[in-house]
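# How does the following fold in three dimensions:
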Amino acid sequence: MEKISLSEILTSSVKTVSPHADISEVLEIMAKQVISCVVAVDEENRPLGIFTERDAVHLLAERRCFAILTMADVMSAPPFSSLADLDFREAYRILQERQYRHLVVVDTQGILLGIITEGDFLHHLDAGDLSEFKKAENVMSKNIVTVDVDDLLVDAISLMSRNRYSCVVVMRDQKPYGIITERDVVKLAEQVTDNAGILVSRVVNTPLISVLPTMMLPEAIKLMDKHQIRHLVIVDQDKLLGLVTRHDLVKTLRGNYVHFLRETIQKQRKEIFRLGQQRSLFELHDAALAAVANAIIITDSKAVIQWSNPAFSKLTGYTLEETIGRHISELVKSEKQDAQFYKILWKTILDGSVWRGEVINKRKNGSLFYEEMTITPVRNSNEDITHFIAVKQDVSERKLLDEQVQNLAFHDALTQLPNRRLLNSRLEQAMNISKRRSHYCALLFLDLDNFKPLNDTYGHDVGDLLLVEVANRISNCVRAVDTVVRFGGDEFVVILSELDTDKAKSITHARVVAEKIRVALAEPYKLLIQTPEHTETSVEHHCTTSIGVTLFSSHQACAGDIIKWADLAMYQSKAAGRNQIQFYDSNA
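Residues are numbered from 1 along each chain as shown. Below is the predicted model:
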């Protein structure tokens with residue numbers, strides 16, 4: 001296969017900005033130029049970060065104030081980059097592993113040369129790889145997010161952000177009507193910021209470009225190119241069946257793993273002929289399959305194992321002798337997937353389609369692991385399915401790393417409480433619940449009194465011990481449905497959800513909880529510290545808190561205003577002598 005380097009397919013006309021550029025200006029550039037990303041560079045044109053359409057969706061979902069944000073505040077930094085001489089197929093494999101959609105290309109000095117997107121891969125991969133998949137229904141995703149024309153646009157954007165989807169399909173009278181994509185969200189950013197009450201019906205893209213599930217994939221690509229779109233909705237008789245995205249097509253064009261093995265074997269066969277070796281084709285097949293890092297098993301049509309490679313033994317702990325002749329579920333089934341999951345899996349492969357997904361399975365020693373699995377049906381000359389080939393990859397470490405990264409991104413490292421970034425999401429959830437159920441909610445803003453002397457006397461390590469204890473005491477004062485946040489320094493925020501439909505009762509509930517927290521935090525703190533002589537000693541410290549409270553309901557105000565009101569009430573508590581509770585009064 002001829003090597004095609006990134007330098008041959010990259011897009012050199014990249015829009016670049018300073019990291020100090022206002023994010024509102026960046027969004028305006030993306031909307032006007034119809035581009036999927038902007039790259040921040042330094043004075044020597046070295047890439048510092050990247051801001052994409054998906055980042056814009058997350059930003060709008062969080063309802064952050066654009067007026068105070070710069071590119072440096074929200075960009076992904078550093079951007080994922082590669083040298084220009086890398087083969088584009090290898091580049092795509094790496095992008096898939098890291099779940100990125102843009103690759104910044106640089107020279108050996110780190111200077112920006114261009115960018116690679118999924119569209120570039122789509123136009124350079126061999127469309128002949130689609131022959132095994134043929135129709136749109138074979139590669140479409142059935143995991144679709146839908147909204148109604150009468151829903152709020154901000155709710156649709158929140159769904160896209162939460163589920164990491166590139167679009168939502170808009171329904172009217174339970175029929176597919178239109179679509180809202182990440183690109184549309186960028187164009188609508190200014191409107192969404194100014195007016196949270198915009199309905200989906202005002203901005204939805206219509207008419208909807210849809211196709212039948214029987215459309216051939218090469219024709220689907222031509223249709224997407226003609227209309228310059230990245231999504232095709234699969235519909236049959238007004239029924240929404242699935243969605244084909246440019247991302248799905250690129251993944252399909254890479255070919256499945258079995259095709260890769262076949263190509264590898266053909267290369268090795270040519271090499272054998274060149275050297276005059278006399279190994280049989282069957283031996284070559286076995287050598288190729290045994291050498292790959294991924295676990296592979298071959299079963300009959302009833303899922304009884306006929307063969308497995310050494311990587312499967314390493315993954316599961318079962319030897320080849322222990323696997324042959326046994327049903328796969330006897331060995332690795334963990335009961336973590338329900339019956340419906342396996343029903344869908346079996347229907348897919350018995351229909352002759354390739355199934356791809358993530359599964360939690362069990363090793364011989366009983367330990368669980370996450371694996372990505374592809375199951376490919378094998379047909380005989382009569383087109384009957386006789387075998388299945390399953391290719392498995394252990395992704396447990398990646399899942400653990402993802403969870404750790406997610407926790408670091410949204411939780412305070414010291415107290416393990418949600419941080420300011422997660423506060424916006426939880427506040428938005430509380431407002432949505434309030435809107436649906438007509439309940440009031442409350443936000444408490446807490447600032448510790450007499451905390452600084454502890455830090456000045458004993459150092460920040462001892463101050464951290466007190467902050468952890470404060471976090472525990474606050475958490476013990478609230479319900480499971482409430483949220484405790486470390487806002488920063490010695491400031492904490494508490495969201496009380498679903499109080500009551502009656503405002504007076506809600507105020508009383510909020511006051512009772514605030515008083516409970518105030519009393520709990522006023523109790524003495526006994527902190528164990530390490531002396532320079534490596535012995536432990538106890539320090540007692542007295543610390544109180546000033547609390548500001550504001551009530552809110554539905555979307556009467558944005559998250560920033562609600563926090564500001566509670567903050568103002570907290571400062572009134574400070575001014576009134578500290579260790580007090582004050583409610584925000586809009587008329588004050």
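
# Show me which positions of stretch 388-403 end up buried.
F388, I389, A390, V391, K392, Q393, D394, V395 (16 or more other C-beta atoms under 10 Å). Just so you know, the C-beta spots here come from the backbone N, C-alpha and C atoms, and that holds for glycine as well.

# Just those residues: which are in strands?
Residues of the buried residues of stretch 388-403 located in strands (DSSP state E): F388, I389, A390, V391, K392, Q393, D394.

# Check those residues and tell me the two furthest apart.
Maximum pairwise distance among these (C-beta to C-beta): 19.7 Å, between F388 and D394.

# if I look at the nearest residue to S76 once chain neighbours are set aside, how far off is D22?
Distance criterion C-beta to C-beta, 6 or more residues apart in numbering; nearest residue to S76, sequence neighbours excluded, is I50 at 5.4 Å. Relative to D22, I50 is positioned 17 Å away (C-beta to C-beta, to the nearest Å).

# try A510
Distance, A510 to D22, by C-beta to C-beta: 37 Å.

# the strands in the stretch 301-450 of the chain, which residues?
305-308, 355-362, 368-379, 385-394, 441-449 (DSSP state E, counting those that start in this stretch).

# So which of those is the most surrounded?
When the strands of the stretch 301-450 of the chain are scored by mean count of other C-beta atoms under 10 Å, the highest mean neighbour count falls to strand 441-449 (a mean of 24).

# Which strands and helices lie in contact with the helix or strand following that strand?
Once the chain leaves strand 441-449, the next helix or strand it forms, by DSSP states H and E, is helix 452-458. If contacts are counted by 3 or more C-beta pairs under 8 Å, 6 or more residues apart in numbering; DSSP states H and E, helix 452-458 sits against helix 460-475.

# could you check the angle strand 441-449 makes with the helix it packs on?
Interaxial angle, helix 460-475 versus strand 441-449 (axes from the mean of the first three to the mean of the last three C-alpha atoms, to 10 degrees): 150 degrees.

# ok so, going back, in contact with the residue nearest to S76: list those residues for me.
Contact partners of I50, counting by C-beta atoms under 8 Å, 6 or more residues apart in numbering, are C37, V38, V39, A40, M75, S76, A77, P79, H102, V104.

# Tell me the spacing between the residue nearest to the fifth one when sequence neighbours are not counted and V200.
The one in question is M75. Leaving aside its sequence neighbours, M75 sits nearest to G49 (C-beta to C-beta, 6+ apart; 3.3 Å). Distance from G49 to V200, counting by C-beta to C-beta: 32 Å.

# out of the two, which sits in the more crowded spot?
Neighbours were counted for G49 and for V200 using other C-beta atoms under 10 Å; V200 has more, 24 against 20.

# how much space between the more buried one and E62?
19 Å.

# State the distance from the closest residue to L422 other than its chain neighbours to E403.
The shortest distance from L422 to any non-neighbouring residue, by C-beta to C-beta, 6+ apart, is to F410 (4.0 Å). According to C-beta to C-beta, F410 and E403 sit 11 Å apart.

# same check, this time on L243
L243 is 28 Å from E403, by C-beta to C-beta.

# and if you look at F487?
Distance from F487 to E403, by C-beta to C-beta: 24 Å.

# quick revisit: E515: which of the ones in strands among the buried residues of stretch 388-403 is nearest?
D394 (52.0 Å).

# Who are the contact partners of the closest one?
A295, L315, F369, Y370, E371.

# Okay, now the unreliable bits of this protein?
Residue ranges of the chain with pLDDT under 70: 1-3, 121-134, 248, 250-291, 405, 407, 555, 587-588.

# Where do the domain boundaries of it fall?
Domain ranges of the chain: 6-124, 128-253, 294-396, 411-583, per automatic domain parsing.
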